[in-house]
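> coords please:
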Amino acid sequence: MKKIDKHIGLYFIIDGDFTRDFLAMTKLAINLEVKIIQYRDKNASPTEMLKNATEIRELTEKSDTIFIVNDNIEVALKSHAGGVHIGQEDIKYEDARKMLPEKIIGVSTDNLEQSLFAEKMGADYIGLGPIFPTSTKPDAGPIIGIKKLSEIVKTIQIPIVAIGGINVENLVSVLATKVSGVAIISAILGKLSPENEIKKIINKIKKYNQMRG
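This is a model prediction of the structure:
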């Protein structure tokens, strides 16, 4: 099983609200050596999700890219994905772990208390946000901001992936908090050339890491 390390970089969420060409986006991510992709498809039927997830997994299993399914435990299990990402309103962590004992499980949090609890329960990583205002998730909690993000990163030992309103312009301010990764949807899929945006983001992360040493 592929494992998550502390240096995630770009965590690319391939969201069905922005694209239906999941395979093209997966191939693009693999070619650009993105470490983690997540398949998110809120409006698809379970059958359609399973078909898409299985096809994505067939591509990622031959690569170093980790494949995560958003929310749906059954689809993650049946597609043999690398793991699943669950929210606060989804299945309980302990139930997810029973179903996927050897898989990666990420948990969405929006404050320190939730993050500490997810870490204590054994989550492999945390998706923390929204850092900035975002239109991608209308039901997202209150804005966390850079200061709170930095405080939480200092407290939590497992990898933290920041999410919510992150783009090329504000990326460095997020990286400065020493997060393990940044999850991005619209700032990639909402652009004319997702490939160019991924390249810009990855290059900016590399340059920042080199500068920091």
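
> buried ones in the host helix or strand of residue 209?
Using DSSP states H and E, residue 209 sits within helix 194-212. Of all the residues in helix 194-212, those buried under the rule 16 or more other CB atoms under 10 Å are 194-195, 197-198, 200-202, 204-205. From N, CA and C alone the C-beta is placed, and that goes for glycine too.

> can you tell me which of the residues you listed is nearest residue 30?
Closest to residue 30 out of the buried residues of helix 194-212 is residue 198 (11.2 Å), distances taken as CB to CB.

> quick check: the closest one touching residue 28?
Yes. Taking CB atoms under 8 Å as the definition, residue 198 is a contact partner of residue 28 at 6.8 Å.

> show me where pLDDT drops low in the chain?
Low-confidence segments of the chain (pLDDT under 70): 1, 137-140, 213.

> would you map the helices across it?
Using DSSP state H, the helices of the chain run over 22-31, 46-60, 73-79, 93-99, 112-121, 145-155, 171-175, 186-189, 194-212.

> ok, residues contacting the third one?
Counting contacts by CB atoms under 8 Å, 6 or more residues apart in numbering, the residues outside helix 73-79 that touch it are 46, 49-50, 53-54, 56-57, 68-69, 81, 83-84, 86, 91, 96, 99-100, 103.

> now the residues you listed: which count as buried?
The neighbour-count test (16+ other CB under 10 Å) marks 49-50, 53, 56-57, 68-69, 81, 83-84, 86, 91, 96, 100, 103 as buried among the contacts of helix 73-79.
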